[in-house]
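In: When you get a sec, could you give me coordinates for this:
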Amino acid sequence: MDKIKIILVPVDFSANSAKILKMAADLAKREDAKLHVIHVAERFDSYTGLSIPHISFDVLEKELQESSARKLDGFIDDSVDESIPHESTVLSGDAADEIVKFGEKIGSDLIVMGTHGYKGLEKVLLGSVAERVVSAAYSPVMTINPYRLK
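Out: Below is the predicted model of the structure:
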């Protein structure tokens, strides 16, 4: 692999996600790389049978995007040294698909993301975003078990 220039880090605003972001920020600083932090908000219209009278999905999605962008900025401020070049983006859709597409779009050299460690039935029912990203990404993916971090 050539020099790492762009590191993509998907976050979900959890404490575990903050640990992963701090680790990725440290790596970005050591590699003199740019950090691109994204949050993927699930689309409301992906839920079948959800009926909210008098509110359009477009209005809800716009509010979710704006709210998520503010939250993402604060999340980054808490975890990333301001000397590290970084950008943030909020996307909507299926998390794994959006992470892979966005990584390819920005030409990420590495995707750093956490695993939740689901096993058995939980994994079958919930799936694994990290597993899907690893199998579809165009760049290397570093997965980290946040429960093993100090």
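In: for the record, mean pLDDT for the top helix by length along the chain?
Out: Longest helix in the chain, counting residues (DSSP state H): helix 57-79. Average pLDDT, helix 57-79: 83.
In: As CSV, could you dump the C-alpha coordinates of it?
Out: The C-alpha atoms that make up helix 57-79 are tabulated as CSV, following Å, rounded to 0.1, in the frame of the first residue of the first chain:
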residue,chain,number,x,y,z
PHE,A,57,-40.4,12.3,4.7
ASP,A,58,-38.4,15.1,2.9
VAL,A,59,-39.0,17.5,5.8
LEU,A,60,-38.0,14.8,8.4
GLU,A,61,-34.9,13.8,6.4
LYS,A,62,-33.8,17.5,6.0
GLU,A,63,-34.2,18.0,9.8
LEU,A,64,-32.3,14.8,10.5
GLN,A,65,-29.5,15.8,8.2
GLU,A,66,-29.1,19.2,9.8
SER,A,67,-29.3,17.8,13.4
SER,A,68,-26.8,15.0,12.5
ALA,A,69,-24.4,17.6,11.0
ARG,A,70,-24.4,19.6,14.2
LYS,A,71,-24.0,16.6,16.3
LEU,A,72,-21.1,15.3,14.1
ASP,A,73,-19.3,18.6,14.3
GLY,A,74,-19.5,18.5,18.1
PHE,A,75,-18.5,14.8,18.1
ILE,A,76,-15.4,15.6,16.0
ASP,A,77,-14.5,18.6,18.2
ASP,A,78,-14.5,16.3,21.3
SER,A,79,-12.3,13.6,19.6
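In: buried sites along that helix?
Out: Within helix 57-79, the residues scored as buried using 16 or more other CB atoms under 10 Å are 64, 68, 72, 75, 76, 79. Glycine gets a C-beta too; all of them are placed from N, C-alpha and C.
In: roughly how far apart are the first one and residue 70?
Out: By that I understand residue 64. With distances taken as CB to CB, to the nearest Å, residue 64 is found 11 Å from residue 70.
In: for the residue nearest to residue 79 when sequence neighbours are not counted, what are its contacts?
Out: Leaving aside its sequence neighbours, residue 79 sits nearest to residue 21 (CB to CB, 6 or more residues apart in numbering; 4.4 Å). Shown in contact with residue 21 (CB atoms under 8 Å, 6 or more residues apart in numbering): 9, 11, 37, 75, 76, 79, 80.
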